[in-house]
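Participant: The following comprises the amino acid sequence and a computationally predicted model.
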Amino acid sequence: MFDDADPFLIRVREVALAFPDATEVVAHGRPTFRCGKMFGNYGGGEKGGIRHDRSVLFLADPAERAALVEDPRFFVPAYFGPAGWLGILLDDATDWIEVAELLDASYRQIAPKRSIAKLDARESM
């Protein structure tokens, strides 16, 4: 379901694995990014079988979720959507700073306090 040489996956890995204590685990045929719990998933699909292999699933900040859903770059992923997750489509025009911010918000919702403290300490330097 994915190719390790995919340049979009390589870029997602760079962003996701830069978070303290982040790991990558292949689950259900797709790379997932975790810090204990999952905060990112490469690739996903919508209910009805519409696949988005070049996308990132993330746990949306509840305060931003409604606005993000209105943007055509975002979709509600099958299975994950009811738990607050969204997906963003990736292409040559992707704003990687935005992707990093979305993954940061997702990471902060699931990571242990000690991992978030490491991230905050690194950001304050």
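Facilitator: On my side now, so go ahead.
Participant: Going by C-alpha atoms from here, please, whenever you check contacts or count neighbours.
Facilitator: OK.
Participant: ok, and for the helix ranked longest in the chain, which residues are buried?
Facilitator: Using DSSP state H, we find that the single longest helix of the chain is helix 96-110. Residues of helix 96-110 classed as buried under the neighbour-count rule (16 or more other C-alpha atoms under 10 Å) are 99-100, 102-110.
Participant: Check which helices and strands whichever helix or strand comes after it sits against.
Facilitator: Following helix 96-110 in sequence order, the next helix or strand is helix 113-123 (DSSP states H and E). Contact partners of helix 113-123 among helices and strands, from 3 or more C-alpha pairs under 8 Å, 6 or more residues apart in numbering; DSSP states H and E: none.
Participant: model confidence over helix 113-123, on average?
Facilitator: Averaged over helix 113-123, pLDDT sits at 94.
Participant: again with stretch 4-23
Facilitator: Mean pLDDT, stretch 4-23: 97.
Participant: List the buried residues for it?
Facilitator: Neighbour-count burial for stretch 4-23 [16+ other C-alpha under 10 Å]: 8-9, 12-13, 15-16, 19-23.
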